[in-house]
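Asker: structure for the following, please:
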Amino acid sequence: MKTTGMGEYSSILLNRFRDLKQLKYLLRSIEENGKEWARRIFLVTNNQVPDYVNINHTRIRIVSHQQLFEYAKVKPPKYQLFNSIAIQSMIHTIPTLSSPFYLFDDDIVIRKSLPTTVIMSENKSVIDLNANKYLMRVKPQSLYDAHLQSAINMVLKRNRPVPLLGANGRYSIGSHGPLLLYREIGMKIWDEFRPEMNLLISHPFRMPTDPSIQTLYIYMGYSNYYTFARNRNMLRFEMLSSYNPEVTRRILQKTFQDKSVYFVCVNDNLRKFNEEHQTYLNEVYETVFPKRSSFDNN
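Answerer: Numbering: from 1, shown residues only. Prediction:
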């Protein structure tokens with residue numbers, strides 16, 4: 001199986017199915033640093049639930065992929081869904097979900113107390129531009145670039161002016177950081193781009209033609225919902241790329257020593273992640289978030 005610039009479908013590589021227990025520390029960081037705005041937490045999975053999560057917690061609700069299709073009133077693909085972009089496109093349909101809502105991947109934690117004044121300004125969500133200022137250690141992959149361009153092309157095809165487009169074709173938007181999304185924009189995207197959205201959710205795996213959902217939200221809502229800031233240095237991103245566990249340990253320690261950022265994303269692309277790697281990963285997370293949360297399963 002091949003995709004442009006990736007060699008094989010990134011959606012089904014084995015490193016996407018292992019559990020590095022990062023979700024445990026995301027939940028701890030939400031309880032510790034998201035007190036001002038965090039209420040209900042929806043865990044969207046393919047019916048998998050980690051044994052370290054207290055699923056009986058009153059603030060946690062498990063949502064399956066099948067439920068998402070039911071909420072969106074669309075026919076699921078014939079095969080199991082591995083396409084995270086398709087999943088993101090339907091999140092806004094979850095009943096009782098607030099607007100706006102934060103969309104987190106499980107490899108992100110909130111490094112320090114995050115007040116609403118940092119993420120909202122005059123009733124608009126603040127978007128950070130210029131990803132090169134986020135201490136990104138690697139260049140975006142070509143498949144991700146294709147997702148951005150697909151979203152831009154969809155908007156332009158509808159003859160919509162996009163003042164966010166810069167001289168080089170677009171402004172950079174942090175690709176791994178969390179983003180406040182609005183349910184009404186999600187509905188607007190599906191109303192205006194229904195053929196494209198139906199095609200998207202028919203792809204069990206991520207394809208270069210799939211549009212970046214976050215980019216669509218920003219371009220569809222920039223005038224009324226979002227305001228923009230540059231060079232705030234909100235996100236520290238680290239790609240684990242060394243097979244030497246000691247190198248991984250040093251990288252993680254250095255990453256979390258940066259106390260100026262609000263978010264840390266530890267993106268694991270190692271296909272061989274051994275027990276020693278896992279030990280060091282947990283060790284560093286436990287150092288930063290040693291306090292058990294109410295979301296931990298006893």
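Asker: and the regular element (helix or strand) spanning residue 200, average pLDDT?
Answerer: Here residue 200, judged by DSSP states H and E, is contained in helix 194-201. The pLDDT scores in helix 194-201 average 93.
Asker: ok, now stretch 230-241?
Answerer: Stretch 230-241 carries an average pLDDT of 82.
Asker: show me where the chain dips below the pLDDT cut-off.
Answerer: 1-18, 130-144, 159-176 (pLDDT under 70).
Asker: returning to that earlier point: beyond the helix holding residue 200, next helix or strand please.
Answerer: Criterion used, DSSP H and E; the element after helix 194-201 is helix 213-221.
Asker: what's the angle between the next helix or strand after that next one and helix 213-221?
Answerer: Downstream of helix 213-221, the first helix or strand assigned by DSSP H and E is strand 226-230. In terms of direction (axes from the mean of the first three to the mean of the last three Cα atoms, to 10 degrees), strand 226-230 departs from helix 213-221 by 120 degrees.
Asker: how about the strands in the stretch 51-200 of the chain?
Answerer: 60-64, 101-103, 108-110, 120-121, 124-129, 179-181 (DSSP state E, counting those that start in this stretch).
Asker: so which of those strands is the most surrounded?
Answerer: strand 108-110 (a mean of 24; mean count of other Cβ atoms under 10 Å). For every residue, glycine as well, the C-beta is placed using N, CA and C.
Asker: circling back to that earlier point, including distance to residue 158, could the strands of the stretch 51-200 of the chain go into JSON lines?
Answerer: Shown next, in JSON lines, are those (distance: least, Cβ to Cβ, whole Å):
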{"stretch": "strand 60-64", "distance to residue 158": "30"}
{"stretch": "strand 101-103", "distance to residue 158": "24"}
{"stretch": "strand 108-110", "distance to residue 158": "31"}
{"stretch": "strand 120-121", "distance to residue 158": "28"}
{"stretch": "strand 124-129", "distance to residue 158": "21"}
{"stretch": "strand 179-181", "distance to residue 158": "20"}
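Asker: could you point out which of those sits nearest residue 289?
Answerer: With Cβ to Cβ, the closest approach to residue 289 among those belongs to strand 108-110: 7.2 Å.
Asker: how about residue 49, what does it touch?
Answerer: 43, 55, 62 (Cβ atoms under 8 Å, 6 or more residues apart in numbering).
Asker: give me that answer again for 6 Å
Answerer: residue 55 (Cβ atoms under 6 Å, 6 or more residues apart in numbering).
Asker: which element, helix or strand, includes it?
Answerer: With DSSP H and E as the test, residue 49 turns up in no helix or strand.
Asker: and if you look at residue 251?
Answerer: According to DSSP H and E, residue 251 maps onto helix 245-257.
Asker: what are the pairing partners of the next helix or strand after that helix, and which direction each?
Answerer: Downstream of helix 245-257, the next assigned helix or strand under DSSP H and E is strand 263-268. Strand 263-268 pairs in its sheet with strand 108-110 (antiparallel), strand 235-240 (parallel), by DSSP bridges.
Asker: angle of the last one against helix 245-257?
Answerer: Put plainly, it is strand 235-240. Using the same axes, to 10 degrees: strand 235-240 against helix 245-257 is 180 degrees.
Asker: sorry, back to before: which of the strands of the stretch 51-200 of the chain sits closest to residue 33?
Answerer: strand 108-110 (4.1 Å).
Asker: show me where the stretch 1-150 of the chain has its helices.
Answerer: 22-33, 65-72, 84-90, 116-119, 142-157 (DSSP state H, counting those that start in this stretch).
Asker: okay, buried residues for the shortest one please.
Answerer: Meaning helix 116-119. By neighbour count on 16 or more other Cβ atoms under 10 Å, the buried set for helix 116-119 is residue 119.
Asker: I'd like to know which elements it is packed against.
Answerer: Helix 116-119 sits against no helix or strand, with contacts defined as 3 or more Cβ pairs under 6 Å, 6 or more residues apart in numbering; DSSP states H and E.
Asker: show residues contacting that helix.
Answerer: So helix 116-119 is contacted by 36-37, 126 (Cβ under 6 Å, 6+ apart).
Asker: can you do 7 Å?
Answerer: With Cβ atoms under 7 Å, 6 or more residues apart in numbering as the test, helix 116-119 has contacts from 36-37, 125-126, 180, 262.
Asker: tell me the one of those residues nearest residue 24?
Answerer: Nearest to residue 24 among the contacts of helix 116-119, with distances taken as Cβ to Cβ, is residue 262, at 19.5 Å.
Asker: surely that closest one meets residue 112?
Answerer: Yes: Residue 262 lies in contact with residue 112 (Cβ atoms under 7 Å); the separation is 6.1 Å.
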